[in-house]
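Engineer: quick one, fold the following:
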Amino acid sequence: MIEVEQIKTRIEAAVSGAKLAIIPNESPSGQRSLLVENTSAVAVAKFLRDDPELHLDYCSNVTGIDWPEAELTVKTKVKQVVDGVEKEVEEVSKTLRPGYLEAVYHLYSMEKKHGPVILRLRTEDRADQNHLPSLTPVWRGCELQEREVFDLYGTVFDGHPDLRRILMWDGFKDFPMRKDYVEPDDYDYEPTPHDDVLKKAKQRQAQEVKA
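Structural biologist: Predicted coordinates for the structure are as follows:
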């Protein structure tokens, strides 16, 4: 399999205006990924699918990630004069990272028997600018999986052929996989509640009796 740095270089040479960044991975797998700018995402996807050497013809899965707004600690090394001696010291500052939603695509080549190459797309925010280009026109297998990300995270995939909820019903509000999701308390609808659900159902019933 070609290294991710080489793939990035080849994409930038083949797709005019494509902007990509390599995202590191500190987990044991060490699988790094390519963050692709949304305006060139479809063109990049087509290159990865059609390139004779890569021929990434199969998208095995599409997953969603919710990144709420967060305060990040940034450490930098600076040189300062301490007691007349120049020393390198560590300065700590804090920065606010805006929230966004992310879609992650794992790509393989069935013909070449290699992969995965991992693509990441990010929305502008978690509110109105929550749109991403759909990659279903490139890999048909993305259709149901993008619908699932739309249903559970609220990511809108522009260009998707049939974007509608797939797990939750049409009238359902909110997105269950977002980190700030607040679950409803109407547990009495479940015919056979158990464990934590049973406890919450009894609490609800007790509140209704008091009312």
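
Engineer: okay, CA-based contacts and neighbour counts for the rest of this
Structural biologist: Noted.

Engineer: how is this protein divided into domains?
Structural biologist: What automatic domain parsing lists as the domains of the chain is 4-66+101-179, 181-211.

Engineer: what segments of the protein are strands?
Structural biologist: 20-23, 33-36, 58-67, 70-82, 85-97, 100-109, 114-122, 131-133, 156-158 (DSSP state E).

Engineer: who are the packing partners of the first one?
Structural biologist: Contact here means 3 or more Cα pairs under 8 Å, 6 or more residues apart in numbering; DSSP states H and E; on that basis strand 20-23 packs against helix 4-14, strand 33-36.

Engineer: give me the distance from the longest helix belonging to the chain to the chain's centre.
Structural biologist: Across the chain, the helix with the greatest residue count (assigned by DSSP state H) is helix 195-210. Helix 195-210 sits 35 Å away from the centroid of its parent chain (Cα atoms, centre = their mean, to the nearest Å).

Engineer: for it, which residues meet the burial criterion?
Structural biologist: Applying a neighbour-count criterion of 16 or more other Cα atoms under 10 Å, one finds 200-201 buried in helix 195-210.

Engineer: contacting residues for the residue nearest to Val92 when sequence neighbours are not counted?
Structural biologist: Closest residue in space to Val92, ignoring its immediate chain neighbours: Lys75 at 4.7 Å, by Cα to Cα, 6 or more residues apart in numbering. Contact analysis of Lys75 by Cα atoms under 8 Å, 6 or more residues apart in numbering lists 90-93.

Engineer: out of those residues, which is nearest to Glu148?
Structural biologist: Lowest distance from Glu148 to the contacts of Lys75 (Cα to Cα) belongs to Ser93, with 37.9 Å.

Engineer: distance of the residue lying closest to that closest one once chain neighbours are set aside from Ser27?
Structural biologist: Spatial nearest neighbour of Ser93, chain neighbours left out: Val74 (5.2 Å); criterion: Cα to Cα, 6+ apart. Separation of Val74 from Ser27 (Cα to Cα, to the nearest Å): 21 Å.
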